[in-house]
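A.B. asks: sharing a model prediction with you, sequence too.
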Amino acid sequence: MPRFVAAIDQGTTSTRCILFDRSGRVAGIAQREHEQLFPQPGWVEHDAETIWRNTESVIAGALESCGATAADIAAVGITNQRETTVVWDRATGVPVAPAIVWQDTRTAALCEELAGSAGPNRYADRTGLPLSTYFSGPKLRWILDNVPGVAERAAAGELCFGTMDSWILWRLTGVHATDVTNASRTMLMNLTTLQWDPEICAEFGIPVAMLPQIRSSSEVYAEITSGPLAGVPVAGILGDQQAATFGQACLVPGEAKNTYGTGNFMLLNTGTTPVFSKHGLLTTVCYRLGDQPAVYALEGSIAVTGSLIQWLRDNLGLIDSASEVEGLAASVADNGGAYIVPAFSGLFAPRWRPDARGVITGLTRFVTKAHLARAALEATAFQTREVLDAMRADAEAEALDLELTALKVDGGMVGNELLMQFQADILNVPVVRPVVTETTALGAAYAAGLATGIWSGTDELRANWAEDKTWRPAMSDDERAARYAAWNKAVERTYDRD
C-alpha cells in the first residue's frame, strides 16, 4: 500500500522533491540549486538540461531520505516556476536555446510592438493579462525570431514549447501537456474556453502545433517511464503560486494567501467566474480538478522580494548568507529613513511599469548596512500592501464579499519574524503561518493525491491545514500612514529610467 505522494517542485533557484504522508506532513526531501545566468543586462536564463539532471537527482535523494521505493509512492505532482519558457526538439529532447526566465525583460520592445495602438491591455479581456515581459508568449516569440532556424523547425512541427512543468512531464513520461494554471500564464490561452486562442497565436506568430495539450490540474496524465519512480503516475500539475494557494486550502471565494519566495505572489480565490481587474492585478486560473469547472483567482505578482536579499549578499556583500539579514536588520530600531525599491525587472502588480529601475532613497551618513537590511525586508511588506489594496479595490468594484480578516503566508521568508511582524503592521491584519510551510509542493501533492484517491476530497485537505503562528498588528495608524506615504514617494523615483 503506497504511503506517500511525491511532489516535484521546480522553482526559480532550485529543484526539490518532497514526499508527503496522508496527513500532509513532510516525510522526505531533497533539493539542488541551479545557476542563474545573466548574459546581458535584463536577461535571465536557466539551463533546462541542468534542471532535468537536478530533477533526477532530487527524486532519488528524496526516496533515499526516508527509505522509500516506487512501491511507496501513490502518485507524483509537479509544480513549477510558471512563465519560464523552454523550446526543445521533439525527436531528441535537446533544448534549442537556454530557458528564458520569468524575470527576463528582453521582450520589452516586442511587447510594445504587439500592443500596437490598442495598448498593453489588447488581450486582457481574453487572457486576463497585460502585455508584459513577464509572460511566456512574448518569450516564445523572441526565441522564434532570434534563434537561427527555430521558426522554420517550429512551423514544420519539429519543436515543442513548454513551461517547466511541460519540460519535466515530457522528460518523465514522453507526454507533451500542461495544465490550465500554467497555460493561463502564457498570454496564449483563452480564460473562457480554457484552450489556446487561435487568433492570439496567429497574431503572435506562434504555430499551435508546438504548444502542449491543455489538461486539468488533477488527473492522471501518464506513468513515469524510467528511473526510480518508473510506473508511478504523474497525476497533478499546478503553477507554483496556484499550488501554494491549493496547499494553503484557500478553496472558498474570498480566501487569500501570500507566498514569499524569489518574488511575492498573492492570490485571491474568486470562484468559478473570472474577475477582470481594474486595479493592476492579473486574472488567472487558480485550479481545475478533473472535469469540474475551473476556479479562478486575482493575483498580484511582485518581481523582487527574496531575490533582493540575495542581491544584498551576492552583489553588495552586506551579508554572507541570507539567514543573517534578520539579525542585522533587528540591530536597528527602524530603516533610518532609507527605502529600497527593487525594480530590477521593472515594477509588476499593481503598477506595471517596465520603465522603472531600482532605487535607494533617503540616504544620509547616519544610514548603515543594518538600515539597508531592514529597508530590504520592509520593501517586501510595502509591495505586498500595494497588492492587497488593489485586491480590496477590485473586490469592492465587483461587489465581492471580501473583508480579509487574516493573510495566510508561506514560502522561504516566512521564518523571518521581523518581516512577518512588519507585514502585519503595514497591512493592519493578522499574518498567519501554517504548520506545513512547504505549501507549494503540498498543493501539487494534493492535486495528484485527489486524482488517485489518496484524499477523498477538498474537505480532507482543509482538515489537514493547521496554524503554527500568528503575528498581530502593533503599529499606530499614524505611523503606518507615514511610512506608506514615504514608500510611495520612493517608488515614484523609479519611473522613466529605461
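C.D. replies: Alright, I've got the coordinates.
A.B. asks: shaky segments in this structure?
C.D. replies: Counting by pLDDT under 70, the ranges of the chain that qualify are 398-403, 497-498.
A.B. asks: looking at it, which residue reaches furthest from the middle?
C.D. replies: Largest separation from the mean C-alpha position in the chain: Arg365, at 37.8 Å (Cα atoms, centre = their mean).
A.B. asks: separation between that residue and Ala333?
C.D. replies: Between Arg365 and Ala333 the computed distance is 18 Å (Cβ to Cβ, to the nearest Å). All C-beta spots, glycine's among them, are computed from the backbone N, C-alpha and C.
A.B. asks: where along the stretch 1-150 of the chain do the helices fall?
C.D. replies: Secondary structure of the stretch 1-150 of the chain (DSSP state H, counting those that start in this stretch): helices at 48-65, 108-115, 124-127, 136-146, 150-155.
A.B. asks: and Ala466, which of the ones you listed is closest to it?
C.D. replies: Checking these against Ala466 by Cβ to Cβ gives helix 48-65 as the closest, at 22.9 Å.
A.B. asks: who does the longest helix along the chain touch, helix- and strand-wise?
C.D. replies: Counting residues, the longest helix in the chain under DSSP state H turns out to be helix 369-397. If you count contacts as 3 or more Cβ pairs under 8 Å, 6 or more residues apart in numbering; DSSP states H and E, helix 369-397 packs onto strand 256-260, strand 264-271, strand 295-302, helix 306-314, helix 325-330, strand 339-341, helix 417-427, helix 477-492.
A.B. asks: now tabulate the ones you listed in a markdown table and tack on mean neighbour count.
C.D. replies: Shown next, in a markdown table, are the helices and strands packed on helix 369-397 (neighbours: other Cβ atoms under 10 Å):
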| stretch | mean neighbour count |
| --- | --- |
| strand 256-260 | 26 |
| strand 264-271 | 25 |
| strand 295-302 | 27 |
| helix 306-314 | 20 |
| helix 325-330 | 19 |
| strand 339-341 | 25 |
| helix 417-427 | 21 |
| helix 477-492 | 14 |
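A.B. asks: where does Val429 land in three-state SS?
C.D. replies: coil (DSSP: H, G, I helix; E, B strand; the rest coil).
A.B. asks: thought it was touching Val409?
C.D. replies: No. Taking Cβ atoms under 8 Å as the definition, Val429 is not a contact partner of Val409, at 11.1 Å.
A.B. asks: the more surrounded of those two?
C.D. replies: Taking other Cβ atoms under 10 Å, Val429 and Val409 do not tie; Val409 has more neighbours (28 against 18).
A.B. asks: give me the neighbour count for Thr186.
C.D. replies: Using other Cβ under 10 Å: Thr186 sits among 31 other residues.
A.B. asks: separation between Ile309 and Gly11?
C.D. replies: Distance, Ile309 to Gly11, using Cβ to Cβ: 16 Å.
A.B. asks: typo on my end, Ala406
C.D. replies: Relative to Gly11, Ala406 is positioned 26 Å away (Cβ to Cβ).
A.B. asks: now Val147
C.D. replies: For Val147, the distance to Gly11 (Cβ to Cβ) stands at 25 Å.
A.B. asks: who's more crowded, these two?
C.D. replies: The neighbour count for Val147 versus Gly11, taken as other Cβ under 10 Å, is higher for Gly11 (22 against 15).
A.B. asks: list the contacts of the more buried one.
C.D. replies: Applying Cβ atoms under 8 Å, 6 or more residues apart in numbering, we find Gly11 in contact with Asn80, Gln81, Asp240, Gly261, Thr262, Thr440.
A.B. asks: same thing but at 10 Å, please
C.D. replies: Residues counted as contacts of Gly11 (Cβ atoms under 10 Å, 6 or more residues apart in numbering) are 31, 33-34, 51, 79-81, 84, 164, 240, 261-262, 412, 440-441.
A.B. asks: and Ala390, by the same measure?
C.D. replies: By Cβ under 10 Å, 6+ apart, the contact set of Ala390 is Met266, Ser277, Lys278, His279, Gly280, Leu281, Leu298, Gly300, Ala349, Pro350, Arg351.
A.B. asks: swap in Ala70?
C.D. replies: The contact partners of Ala70, taken as Cβ under 10 Å, 6+ apart, are Pro2, Ala6, Leu63, Ile224, Gly227, Pro228, Leu229, Ala230, Gly231, Val232.
A.B. asks: what do you get if the cut-off is 7 Å, keeping everything else the same?
C.D. replies: Residues in contact with Ala70 (Cβ atoms under 7 Å, 6 or more residues apart in numbering) are Pro228, Leu229, Ala230, Gly231, Val232.
A.B. asks: next: Gly280.
C.D. replies: By Cβ under 7 Å, 6+ apart, the contact set of Gly280 is Ala349, Pro350, Arg351, Trp352, Ala390.
A.B. asks: so which of these is the closest to Asp104?
C.D. replies: Asp104 has its nearest neighbour among the contacts of Gly280 in Trp352, at 16.2 Å by Cβ to Cβ.
A.B. asks: so what's the residue count around that closest one?
C.D. replies: 19.
A.B. asks: quick check: it touching Pro130?
C.D. replies: Yes. Using Cβ atoms under 7 Å, Trp352 is in contact with Pro130, at 5.8 Å.
A.B. asks: between those two, which contacts overlap?
C.D. replies: With contacts defined as Cβ under 7 Å, 6+ apart, no residue is shared by Trp352 and Pro130.
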